[in-house]
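got a sequence here, can you build the structure:
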Amino acid sequence: MTAATTRTAGGYRPGELTVHRDPADVNAVSRALRGAGRKVALVPTMGALHDGHRELIRHARLLPGSTVTAVSIFVNPLQFGANEDLTRYPRPLEADLEILREEGVELAFVPSVDDMYPPGAQTRIVPGPLADELEGAVRPGHFEGVLTIVGKLFQIVAPEIALFGEKDYQQLVMLQKMVRDLNFPLSIVGVPTVRETDGLALSSRNVYLSDEQRAAAPTLQRALKEGASVSARGPAAVLARAREVLATEPLLDVDYLELRDPELGPTPETGRARLLVAARIGTTRLIDNVPVQL
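Next up, the predicted model:
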């Protein structure tokens with residue numbers, strides 16, 4: 001980080017990226033902007049930015065009104081399990097900041113672990129029962145970590161709007177529930193999944209795939225599309241067709257394939273639904289989902 005990109009709370013300049021590490025600093029800037037009639041739109045990330053993050057930022061910049069786009073970069077240890085990839089998670093901060101400049105982001109919040117979890121901090125946001133299903137069944141405690149850090153970001157950055165990708169669909173639903181249940185004064189916007197040309201959902205973890213694994217990974221999206229294509233025949237047909245496609249790829253170790261309603265409740269017989277899949281390819285775990293009209 002260079003002196004040219006770092007500003008104090010009073011150093012905000014329209015059209016220029018300012019980088020803040022201190023929570024009090026970025027909070028002061030955000031509240032000053034809102035007091036001046038500007039809206040703040042937050043894109044929370046763990047860094048290792050890719051085209052999916054760029055799409056979130058572009059959606060934020062297209063929001064109506066006088067909107068300032070803020071991006072947080074923080075690899076949150078609370079949402080990683082004991083056997084997950086916290087230590088090897090990519091942290092290319094300078095490359096990430098360059099992407100933010102290219103996309104016209106004006107505020108970046110890049111705190112340390114001690115900034116977000118001061119010594120002795122014990123308070124957590126406890127999610128509802130959905131946290132123990134789907135991703136939560138495989139990753140115990142994950143959503144407690146997600147909701148806690150996002151709740152803290154909402155308090156610190158004080159946005160009026162926050163944007164999240166639909167790739168992490170269960171996360172999106174749970175954050176929408178948290179905002180409703182805890183009366184956070186902001187709106188959550190879901191942005192459609194960005195994909196590679198072969199259909200693979202963009203993810204920071206895709207870099208872990210070998211060439212052979214990368215060739216197999218698009219089977220997830222193909223299975224979802226094939227399942228959705230037979231939606232007129234009902235839920236059982238959707239799931240059966242998707243399972244058939246998944247079974248054609250021996251490198252896939254499927255954690256779950258489920259059809260739920262849009263709020264991730266029980267499978268509906270008709271109407272809107274969501275088809276979700278998670279699978280491991282080697283040591284890398286990938287997730288994906290598509291909307292389905294039954």
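
which residues of the stretch 1-150 of the chain score low on pLDDT?
Residues of the stretch 1-150 of the chain that meet the criterion pLDDT under 70 lie in 1-11.

swap in 90 and give it another go.
Within the stretch 1-150 of the chain, the segments meeting pLDDT under 90 span 1-15, 34, 64-66, 80-90.

in it, which spans are helices?
Secondary structure of the stretch 1-150 of the chain by DSSP state H, counting those that start in this stretch: the helices cover 23-35, 51-61, 93-102, 113-116, 135-138, 142-157.

Ala232 is nearest to which of the ones you listed?
helix 135-138 (28.8 Å; C-beta to C-beta). The C-beta positions use only the backbone N, C-alpha and C, and glycine is treated the same way.

quick one: buried residues of the closest one?
Neighbour counts over helix 135-138 (16 or more other C-beta atoms under 10 Å) mark Glu135, Gly136 as buried.

and that helix, what does it pack onto?
helix 142-157, helix 169-181, strand 252-260 (3 or more C-beta pairs under 8 Å, 6 or more residues apart in numbering; DSSP states H and E).

among those, which is the most enclosed?
When the helices and strands packed on helix 135-138 are scored by mean count of other C-beta atoms under 10 Å, the highest mean neighbour count falls to helix 142-157 (a mean of 21).

what angle do that helix and helix 169-181 make?
Here helix 142-157 runs at an angle of 50 degrees relative to helix 169-181 (axes from the mean of the first three to the mean of the last three C-alpha atoms, to 10 degrees).

circling back: reformat the helices and strands packed on helix 135-138 as a markdown table; add distance to Leu239.
Shown next, in a markdown table, are those (distance: least, C-beta to C-beta, whole Å):
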| stretch | distance to Leu239 |
| --- | --- |
| helix 142-157 | 24 |
| helix 169-181 | 17 |
| strand 252-260 | 6 |
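
nearest to Asp96 among the ones you listed would be which one?
Of the helices and strands packed on helix 135-138, nearest to Asp96 by C-beta to C-beta is helix 142-157, at 16.3 Å.

other residues contacting that closest one?
Residues from elsewhere that reach helix 142-157 (C-beta atoms under 8 Å, 6 or more residues apart in numbering): 23, 26-27, 30, 40, 42, 44, 70, 72, 74, 76-81, 107, 109, 116, 123-127, 130-131, 135-136, 162, 170-171, 174-175, 178, 182, 184, 186.

the nearest residue to Gly37 once chain neighbours are set aside - how many residues pack around it?
In this structure, Gly37 finds its nearest non-sequential neighbour in Ser66, 6.4 Å apart by C-beta to C-beta, 6 or more residues apart in numbering. Per other C-beta atoms under 10 Å, the neighbour tally for Ser66 reads 11.

for Ser66, which residues are in contact?
Gly37, Arg38, Lys39.

for it, give me phi and psi.
phi -90, psi 90 (degrees, to the nearest 10).

name whatever forms a beta bridge with Thr67.
Lys39 (DSSP bridges).

just checking, it touches Ala41?
Yes. Judged on C-beta atoms under 8 Å, Thr67 makes contact with Ala41 at a distance of 5.2 Å.

and these two? Which one has more around it.
More crowded of Thr67 and Ala41, by other C-beta under 10 Å: Ala41, with 27 against 19.

burial of the residue lying closest to Pro268 once chain neighbours are set aside, as a residue count?
Nearest non-adjacent residue to Pro268, counting by C-beta to C-beta, 6+ apart: Asp261, 4.9 Å away. Burial of Asp261 is recorded as 14 neighbouring residues (other C-beta under 10 Å).
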